[in-house]
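Undergrad: Whatever this is, show me its structure:
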Amino acid sequence: MRRLAVACSAFLAVALLLAGCGEEKKAPGDKVTYLTAFGAVGRDAFAWVAQEKGYFRDAGLDVTIQLGAATGENLKVLAAGRAQFASLDLTGMWILAGKGEYPDVRAIAAIHQQTLVSIVSLEGAGVTQPKDLEGRQVGAATGSVNQLLFPAYAGLAGVDPAKVKWVNAPPAQLPALLASGRVNALSTFLIGAKGLSKAAGGKPTVVLPYSTYLPELFGNGLVAPLAITRDQPDVARRFRDAALKGLQYTLEHPEEAAQIMKKAQPAADVTAAVGEITLMKPYVKPSGVIDRQRVAAAIATLEKNKLIPPGLTPDSVVDFALAPAS
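TA: Sure, this is the predicted structure:
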C-alpha cells in the first residue's frame, strides 16, 4: 500500500507539472509610480488609458498613478524618490533647473510641443487684454509654471508684474476661485477654458495665451530622475512608449478616454476632460519628439527674458538617448 501511495503521489506531481507547462507564467512587472501633471483632468487622461488598455502591463510595468500638483510639487516628490515618472511643464522645470533646483531630472518625451500657459478670465470680469491684469487678482496653482513664467510674459506684453496680486490655491480649487469672483483671472492652461466656463455656469471665457509672446517654449512632458534615466533606461523606454501609446489613443477617442479617467477618478468632469483633450490636439505630436535645436531655442528665450542665468544646456534637462527624435 505504501508503494502505491508513493507512486500515486509521484504521478500526481508529474501531472501537475505537465499541466502547468501549458500556462504562460508572467513575471510581475517593474513597480513604478507616476504623477499626473495636474490632478485628474483631460490633459492627463492618457495615463489612465494606458492603464486600462493594458499598455503598461504589456510593457512589463506595474504602474501606480497618483494625482500630481503642478511643476514644483511634482519635482519635490520625484526628488524624494516617492515617484519614478511624472508629467509636468517642461518650461517650468527648466526655469527651476536654471536656478540650480532639481538638477537630476530629465525629460524623456514632450506631450505639448508649445506652452499652453495662458491667462483665462470670464467675460465681464474686466480682463480683455494683458494690461488689464494690473491692479487685479490672478489665481494660480501653488508651485506651478504660471507664476515662474509670468515675469517674461508681463515684460513682453507691457504689464507691470508688481501691480498683479497672486492668489495661490490647489489645482482643484481654481475653477471656484474664478467662478465666485474671488479672482479676476487665472493663469492656467488654455485647454482648461471649457471646464472653467462650465464651472462658472456657462459664462464665456477670455483667453490670453503666453505663446503670443513666447512661441518657442514647450508645454507638458514626461520626466524622470537620473536614477531611472541613467540607471534603468530600459524601464524608462518601456514607460515612455506605453504612455505615448495611451496618448495616441486618447487623442483619437476623447470621449472614451474621459470615461476611462472617470472610472478611475469618480470626481473627474467628463465634459471638461473631453474639451481639454480636443483643444490640446493641435499642440501634440503623439511621437513625443523633443528636438535639440528647439530645446536650445527655448533655453535662449528663458535667458533672454532673465528667467534663468546663462549656463543651462539641452543635455542637462533632456535625455536625448531616450527622447524620441524628429
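Undergrad: And the strands in the stretch 151-300 of the chain, which stretches?
TA: Using DSSP state E, counting those that start in this stretch, the strands of the stretch 151-300 of the chain run over 165-169, 185-189, 205-209, 220-225.
Undergrad: Of the ones you listed, which is nearest Val32?
TA: strand 220-225 (9.1 Å; CB to CB). C-beta here means a position set from N, CA and C on the backbone, and glycine is covered the same way.
Undergrad: what residues does that closest one touch?
TA: If you take CB atoms under 8 Å, 6 or more residues apart in numbering as the criterion, strand 220-225 is touched by 37, 43, 78-79, 81, 84-90, 93, 104-112, 116, 236, 239-240, 243, 288, 290.
Undergrad: And the strands of the stretch 151-300 of the chain: which comes nearest Ser326?
TA: Across those, closest to Ser326 is strand 220-225 (CB to CB), at 14.9 Å.
Undergrad: so the closest one versus strand 185-189, what angle?
TA: 70 degrees (axes from the mean of the first three to the mean of the last three CA atoms, to 10 degrees).
Undergrad: Report the mean confidence score over strand 220-225.
TA: Averaged over strand 220-225, pLDDT sits at 98.
Undergrad: go on, stretch 127-146?
TA: Here the average pLDDT along stretch 127-146 is 92.
Undergrad: and if you look at stretch 44-58?
TA: Stretch 44-58 comes out at a mean pLDDT of 98.
Undergrad: how long is it end to end?
TA: Across its full length, stretch 44-58 reaches 20 Å end to end, with CA to CA, to the nearest Å as the criterion.
Undergrad: Give the buried residues for that stretch.
TA: Across stretch 44-58, burial judged by 16 or more other CB atoms under 10 Å covers 44-53, 55-56.
Undergrad: ok, these vs Gly219, which is closest?
TA: Closest to Gly219, out of all of those and judged by CB to CB, is Asp44, at 12.7 Å.
Undergrad: For that closest one, which residues are in contact?
TA: Neighbours of Asp44 in contact, by CB under 8 Å, 6+ apart: 36-38, 68, 87, 261.
Undergrad: Reformat the buried residues of stretch 44-58 as TSV; add secondary structure.
TA: Formatted as TSV, the buried residues of stretch 44-58 follow (DSSP: H, G, I helix; E, B strand; the rest coil):
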residue	secondary structure
Asp44	helix
Ala45	helix
Phe46	helix
Ala47	helix
Trp48	helix
Val49	helix
Ala50	helix
Gln51	helix
Glu52	helix
Lys53	coil
Tyr55	helix
Phe56	helix
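Undergrad: Just name the closest of those to Gly275, please.
TA: Nearest to Gly275 among the buried residues of stretch 44-58, with distances taken as CB to CB, is Ala45, at 11.6 Å.
Undergrad: Settle this for me: that closest one is touching Gln259, isn't it.
TA: No - Ala45 is beyond contact range of Gln259, at 9.3 Å (criterion: CB atoms under 8 Å).
Undergrad: which ones are touching Tyr153?
TA: So Tyr153 contacts 117, 130, 159, 210, 213-214 (CB under 8 Å, 6+ apart).
Undergrad: ok, so what distance separates it from Lys99?
TA: Tyr153 sits 18 Å away from Lys99, taking CB to CB, to the nearest Å as the criterion.
Undergrad: returning to that earlier point: where strands are concerned, which of the contacts of Asp44 count?
TA: Using DSSP state E, Ser87 are the members of the contacts of Asp44 that sit in strands.
Undergrad: Mean neighbour count and distance to Gly275 for the strands of the stretch 151-300 of the chain - can I get that in TSV?
TA: Shown next, in TSV, are those (neighbours: other CB atoms under 10 Å; distance: least, CB to CB, whole Å):
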stretch	mean neighbour count	distance to Gly275
strand 165-169	14	21
strand 185-189	27	11
strand 205-209	19	11
strand 220-225	27	17
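Undergrad: between the ones you listed, which gets nearest to Ala268?
TA: Among the strands of the stretch 151-300 of the chain, strand 185-189 comes nearest to Ala268, with 15.8 Å by CB to CB.
Undergrad: quick one: that closest one to strand 165-169, angle?
TA: 60 degrees.
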